[in-house]
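Enquirer: heads up, no residue letters with this:
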């Protein structure tokens, strides 16, 4: 067998090249498809979306972006909902007070 890095001959069972020190074991491929499911999770549970964004931002950038965008949209809609509910509550209180 030959080293993947320096191309020198090494033992067939070698895990690390004795000449250059590079691992000969293939690293598992990381799936980064930016799944919409992670965006939906971030939308429904914004804290989970934020945590996933922070954890995956270097290793799975597309998936972390989906979770982060879902969290941002979820928080934004929640804030709009509370502003609307507060505004309607004040309008309802003013209307029932007879002004």
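Expert: Yes, it's here. Everything quoted here is computed from the prediction, not taken from an experiment. Numbering: from 1, shown residues only.

Enquirer: what residue lies at the spatial centre of this structure?
Expert: residue 64 (2.1 Å; C-alpha atoms, centre = their mean).

Enquirer: just to confirm, which helix or strand has it in it?
Expert: Per DSSP states H and E: residue 64 is located in helix 61-96.

Enquirer: So which bits of that helix are buried?
Expert: Residues of helix 61-96 classed as buried by neighbour count (16 or more other C-beta atoms under 10 Å): 63, 64, 65, 66, 67, 68, 69, 70, 71, 72, 74, 75. C-beta: built from backbone N, CA, C; applies to glycine.

Enquirer: now swap in stretch 44-52 and tell me
Expert: 45, 46, 48, 49, 50, 52.

Enquirer: tell me the contacts of residue 86?
Expert: With contacts defined as C-beta atoms under 8 Å, 6 or more residues apart in numbering, residue 86 has no neighbours.
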